[in-house]
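[1] How does the following fold in three dimensions:
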Amino acid sequence: MMIGSILFLVLACCGLFVAGVCLGSWMRRSRDAETDTDMEGVTDDVGLFRGWDGLSAVERRQRLSLYQRRVRARIAEQEREWLRVRLRAIANG
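    Numbers count the residues shown, from 1 in each chain. This is a model prediction of the structure:
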């Protein structure tokens, strides 16, 4: 009788644990599906870092590489503009 009660309690705890793991996995997948937007569509850099703590290492690397590409593009545009101004100044004497 006592062994049956203990066995029932152990099986119930294991069942609750498995149900919790499955529910957590399901909730994570549904949350990722909701937040899985096209990262290129994020217009500001702050949007790339929203929810940073909940991201996997792969997603963090992807967002960091996108941020790095954006920064490089901005720097290249600033340098092109500086060169245009410099060439105009040289041409005007």
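[2] Low-confidence stretches in this protein?
    Along the chain, segments meeting pLDDT under 70 span 30-43.
[3] Looking at it, which helix is longest?
    Secondary structure of the chain per DSSP state H: the longest helix is helix 57-92.
[4] what helices or strands is that one leaning on?
    Helices and strands touching helix 57-92, by 3 or more Cβ pairs under 8 Å, 6 or more residues apart in numbering; DSSP states H and E, are helix 45-48. The C-beta positions use only the backbone N, C-alpha and C, and glycine is treated the same way.
[5] so how far is the helix it packs on off the chain centroid?
    Relative to the centre of its chain, helix 45-48 is centred 10 Å away, using Cα atoms, centre = their mean, to the nearest Å.
[6] Please apply the same query to stretch 11-26.
    Computed by Cα atoms, centre = their mean, the chain-centroid distance of stretch 11-26 equals 27 Å.
[7] contact partners of it?
    The contact list for stretch 11-26, computed with Cβ atoms under 8 Å, 6 or more residues apart in numbering, is empty.
[8] can I have it written out in CSV, keeping just the CAs?
    Presented in CSV, the C-alpha positions along stretch 11-26 are these (Å, rounded to 0.1, in the frame of the first residue of the first chain):
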residue,chain,number,x,y,z
LEU,A,11,4.9,8.9,-11.6
ALA,A,12,2.7,11.9,-11.1
CYS,A,13,5.7,14.2,-10.6
CYS,A,14,7.5,12.7,-13.6
GLY,A,15,4.3,13.3,-15.7
LEU,A,16,4.0,16.9,-14.5
PHE,A,17,7.7,17.5,-15.3
VAL,A,18,7.3,16.1,-18.8
ALA,A,19,4.2,18.1,-19.4
GLY,A,20,6.0,21.3,-18.2
VAL,A,21,8.9,20.6,-20.6
CYS,A,22,6.6,20.0,-23.5
LEU,A,23,4.6,23.1,-22.7
GLY,A,24,7.8,25.2,-22.4
SER,A,25,9.0,23.9,-25.7
TRP,A,26,5.7,24.6,-27.4
